[in-house]
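> pasted the sequence and its predicted model underneath.
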Amino acid sequence: MKTIALGSDHAGYELKEYIKAHLTEKGYPVKDYGCYSTERADYPVYGEKAARGVAAGECDLGVLVCGTGCGISLSANRVKGIRCCNCSEPYTAEMSRRHNNSNMVAVGARVVGFDLALMIVDRFLEAEFEAGGRHEARVAMIEAIDRS
Ligand code: RB5
């Protein structure tokens, strides 16, 4: 079973806990990189922590939550090797795995309902990258883009 990194800011805390309970019930090992309450917390801190866990191989995939999903996905994408897409519906979450080899998904707790968030997360975790062809070549092109 894949190990899942979790991260959120205060706005995403309650949804992160909901996702954590769901994934634990399904048998996924989860590693929670914070935050740990609804007290104000800065999303770059937790986006980076969880992303480093995935990049280091402590976790296979990751799920991030902030108010919109924007700030925390932008933060995670600063970490080398992380491809995090902010998703509001399951189709994009699935295709981000299959075509973009995304290794983290972000959701906005102020955007999607809690049960839609679980559908997004499940579809993301169940999909596999279609390796070996044009999609792999394109992901390599993403990785090769100079950040300057
Ligand atoms: C926090 O108020 C909010 O700005 C944050 O959760 C997120 O939506 C930022 O992208």
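Alright, I've got the coordinates.

> what residues are bridge-paired with residue 30?
residue 4 (DSSP bridges).

> so who does it touch?
Contacts here follow CB atoms under 8 Å, 6 or more residues apart in numbering; on that basis residue 30 touches 3-6, 20, 23-24. All C-beta atoms are positioned from the backbone trio N, CA, C, and that covers glycine.

> check residue 68 too.
86, 108, 110-111.

> and it, that's in a strand?
No. Counting by DSSP: H, G, I helix; E, B strand; the rest coil, residue 68 is not found in a strand; it is coil.

> that one and residue 12, how far apart?
Look at residue 68 and residue 12: by CB to CB, to the nearest Å, they are 9 Å apart.

> again, but for residue 1
Where residue 12 is concerned, residue 1 sits at a distance of 24 Å (CB to CB).

> neighbour-wise, which of these two wins?
Each of residue 1 and residue 12 has its neighbours counted (other CB atoms under 10 Å); residue 12 has more, 32 against 10.

> enumerate every residue touching that one.
So residue 12 contacts 43, 64-67, 72, 107-109 (CB under 8 Å, 6+ apart).

> tell me the spacing between it and the ligand.
Using CB to the nearest ligand atom, to the nearest Å, we find residue 12 at a distance of 6 Å from the ligand.

> same deal with residue 106?
Counting by CB to the nearest ligand atom - residue 106 and the ligand are separated by 9 Å.
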